[in-house]
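Chemist: no letters, just coordinates:
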């Protein structure tokens, strides 16, 4: 947990930003194993639906605390994002994308990424919870 967070609450500045946008955000009391959700994202990327899948999965995780390591949860998320579960499920069970995900993780680590979110703007990494004002300033500076 970060400074100012409890087991079920995010840091005050994150909560304030979410409240200002009319968003509900909570911190689940546990951290799921995210390997399968990353593998499902690799499949979604192949299908051109990775943005949709990410928004569905992140939204459910941060608002309701769903277990991203559960196949039943993954099925619901995949279907909600427009993915074909009958095609995705056997790929997850066979761990088809496992090595790809591990390789992508290592590339990110080698480039200095230590967590999420991390933004890369004009060759500079901006890790962590970055405010919209800071992101806009970084983009303007890079332009």
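Modeler: Great, that's in hand. Quick caveat: nothing in here was measured; it's all calculated off a predicted structure. Residues are numbered from 1 along each chain as shown.
Chemist: tell me the domain ranges of this structure?
Modeler: Following automatic domain parsing, one gets these domains for the chain: 31-110, 114-143.
Chemist: select the longest helix from the protein.
Modeler: In the chain, with assignment by DSSP state H, the single longest helix is helix 50-64.
Chemist: after that one comes which helix or strand?
Modeler: Remark: after helix 50-64, the chain's next helix or strand is helix 71-80, criterion DSSP states H and E.
Chemist: quick check: buried residues in that following helix?
Modeler: Residues of helix 71-80 classed as buried: 73, 74, 75, 77, 78 (neighbour count, 16 or more other C-beta atoms under 10 Å). Glycine gets a C-beta too; all of them are placed from N, C-alpha and C.
Chemist: compute the mean per-residue pLDDT across that helix, please.
Modeler: Averaging pLDDT along helix 71-80 yields 98.
Chemist: any chance you could list what contacts that helix?
Modeler: The set of residues external to helix 71-80 that reach it, using C-beta atoms under 8 Å, 6 or more residues apart in numbering, is 36-37, 40, 44, 53, 56-57, 60, 66-68, 84-85, 88-89, 92.
Chemist: same thing but 7 Å
Modeler: Contact with helix 71-80 is made by 36, 37, 40, 53, 56, 57, 60, 66, 67, 85, 88, as judged by C-beta atoms under 7 Å, 6 or more residues apart in numbering.
Chemist: nearest to residue 22, of these?
Modeler: Nearest to residue 22, judged by C-beta to C-beta, of the contacts of helix 71-80 is residue 60 at 17.4 Å.
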